[in-house]
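Participant: predicted coordinates and the sequence they were generated for:
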Protein chains: 2
Amino acid sequence: MSEKPYHHGSLERALTEAAMEVVAVDGIGALSLRDIARTVGVSPSATYRHFPSRDHLVAHVSQIAREDLARALILAREQVAATGSRRRRSIRRFEEIGRAYVLFAVDAPNLFEAAFMPCDVQEATNDDPEAWAVLVEAVDEMVSTGAIPSTRRRDAPIIAWSGVHGLATILTSSIWPPGYDFDDEVGAVIAGISRAIA
Amino acid sequence: MSEKPYHHGSLERALTEAAMEVVAVDGIGALSLRDIARTVGVSPSATYRHFPSRDHLVAHVSQIAREDLARALILAREQVAATGSRRRRSIRRFEEIGRAYVLFAVDAPNLFEAAFMPCDVQEATNDDPEAWAVLVEAVDEMVSTGAIPSTRRRDAPIIAWSGVHGLATILTSSIWPPGYDFDDEVGAVIAGISRAIA
DNA sequence: TCTTGATGTGATCATCGTTCACATTGTACA
DNA sequence: TGTACAATGTGAACGATGATCACATCAAGA
């Protein structure tokens, strides 16, 4: 029987994975240092060798969730078929990114919430993908193909982000108005955004 | 010296007010039953005579915050001067409501967050004003004055709500993109919404 | 080999939400 | 008027949590 070694070897990764699991399933509020220390099989104080406080763990999870979202957007953009005009394709890319944004929130509401929660502590900025950059690129492409006027280059990302982020937040806040269908309104909002920035 | 009476007299109101204060200043996460019991000058267990659990207090605060927001929207609508055509006025009312929505979030970010936080426990529905209803009324008025086509009556509230709610959330989430000015973008987003539902 | 830095343990502390038996008070009814 | 009863507040617990500290263990280089 292999005895458990005194040192875990990759505690930080294990803690992070356990934390992501808890947050994804039960939300950021259910994240407890002692709890994940238990599931990883380590003493509570060991966690402090890798995260100075619970808030730092939360910030780390939040950062990963943001990267996951950005990757989902990139994937959606790349899955747009290379058919039709460049102009038409830039529009479809933009709309698919918007749809993926809302879809991510619906599929993983707890991760979405965690991604944008205000964190007291800050993660060191790195080179990981950012949702904002993906959005700006898509807008730039639409400008370059003439799908939207260049005068909107500046405001379009904010308008688009507000629209999809608002819809996503509303969808995950249990404040959805009665009598409305999710999928229908996703299409309606994205179409509205297209009109707003056209 | 007036002795403190054994019974507080209006503990529930006092607890609620103290809770609103704490939430407004330090956020919903800083709300502690023991803490507000201390500030009100009562034992921790006394709070349970009025709120079955911390979650119920949170839900109560959330409900009040939602009412505050709705009242702010109504106030903004009523402050639109009765000048110009009915059509023009309906548009201005709608836009001022949107502006007030974002302004509320910026002025009271913690209350705004509390207003839309997912609550496990539910407050009994009452007749207090709801932001959603205010928005729908404004859209209906725009339809009746011909400011927007009646075909958009259904989707316009969702589109508008998504836009302002998204902007408000982004503004209060410390994820605001660099190089953008708050006030400018509020105008840009609201103008975008107007184009989206026109 | 010895030392040093990194990593994990166990005990401990203050705080929190919650519960429970009990105290106090206002009130409706005999 | 007096008395049972319901409402409301107290104080002492319990278990759980985040955090800190002295100490234990281990790996790697001088």
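Facilitator: Nice, thanks for sending it over. Numbering: from 1, shown residues only, chains lettered A, B, ... in the order given.
Participant: what ranges in chain A fall below the confidence cut-off?
Facilitator: Residue ranges of chain A with pLDDT under 70: A:1-3, A:6, A:124-126.
Participant: what distance separates the longest helix seen in it from the centre of its chain?
Facilitator: Counting residues, the longest helix found in chain A (DSSP state H) is helix A:54-78. If you compare the mean C-alpha spot of helix A:54-78 with that of the full chain, they lie 5 Å apart, counting by CA atoms, centre = their mean, to the nearest Å.
Participant: in it, what's buried?
Facilitator: Along helix A:54-78, the positions that meet the burial threshold by neighbour count (16 or more other CB atoms under 10 Å in any protein chain shown) are A:54, A:56-74, A:76-77. For every residue, glycine as well, the C-beta is placed using N, CA and C.
Participant: those residues: which ones sit near DNA strand D?
Facilitator: Contacts with DNA strand D are made by A:R54 out of these, judged by CB under 7 Å from any atom of the strand.
Participant: which residues touch the most centrally placed residue in chain A?
Facilitator: Of all residues in chain A, the one closest to the mean position by CA atoms, centre = their mean is A:L69, 2.9 Å from it. Neighbour list for A:L69: A:101, A:104, A:111-112, A:115, A:131 [criterion: CB atoms under 8 Å, 6 or more residues apart in numbering or on different chains].
Participant: how about TSV for those, with secondary structure added?
Facilitator: What follows is the contacts of A:L69, written out as TSV (DSSP: H, G, I helix; E, B strand; the rest coil):
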residue	secondary structure
A:Y101	helix
A:F104	helix
A:L111	helix
A:F112	helix
A:A115	helix
A:A131	helix
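Participant: which one of the residues you listed is nearest to A:S32?
Facilitator: Sorting the contacts of A:L69 by distance to A:S32 puts A:L111 at the head of the list, at 17.6 Å, by CB to CB.
Participant: let me see the contact set for A:I91.
Facilitator: When contacts are counted by CB under 8 Å, 6+ apart, A:I91 is found next to A:142, A:147, A:194.
Participant: looking at those, which is nearest A:A14?
Facilitator: Proximity to A:A14 was ranked across the contacts of A:I91 by CB to CB; first place goes to A:M142, at 43.1 Å.
Participant: in contact with that closest one, which residues?
Facilitator: For A:M142, the contact set (CB under 8 Å, 6+ apart) comprises A:90-91, A:94, A:148, A:156, A:197.
Participant: tell me which element it falls in.
Facilitator: Here A:M142 is covered by helix A:131-144, with elements defined by DSSP states H and E.
Participant: and the next helix or strand after that helix, what other elements does it pack with?
Facilitator: Along the chain past helix A:131-144, the next helix or strand (assigned with DSSP H and E) turns out to be helix A:155-171. Using 3 or more CB pairs under 8 Å, 6 or more residues apart in numbering or on different chains; DSSP states H and E, the elements in contact with helix A:155-171 are helix A:86-107, helix A:131-144, helix A:182-197, helix B:155-171, helix B:182-197.
Participant: one more pass at 10 Å, please.
Facilitator: For helix A:155-171, the elements it packs on are helix A:86-107, helix A:109-115, helix A:131-144, helix A:182-197, helix B:155-171, helix B:182-197, judged by 3 or more CB pairs under 10 Å, 6 or more residues apart in numbering or on different chains; DSSP states H and E.
Participant: can you show me the CA trace of it as CSV?
Facilitator: Output of helix A:155-171 as CSV, limited to C-alpha atoms (Å, rounded to 0.1, in the frame of the first residue of the first chain):
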residue,chain,number,x,y,z
ASP,A,155,-18.6,52.7,-29.5
ALA,A,156,-19.6,49.5,-31.2
PRO,A,157,-17.7,47.2,-28.8
ILE,A,158,-19.2,48.8,-25.8
ILE,A,159,-22.7,48.7,-27.2
ALA,A,160,-22.3,45.1,-28.2
TRP,A,161,-20.7,44.1,-24.9
SER,A,162,-23.4,45.8,-22.9
GLY,A,163,-26.1,44.0,-24.9
VAL,A,164,-24.8,40.5,-24.6
HIS,A,165,-23.5,41.0,-21.1
GLY,A,166,-26.8,42.4,-20.0
LEU,A,167,-28.8,39.6,-21.6
ALA,A,168,-26.4,37.0,-20.1
THR,A,169,-26.7,38.5,-16.7
ILE,A,170,-30.4,38.7,-16.8
LEU,A,171,-30.7,35.1,-17.9
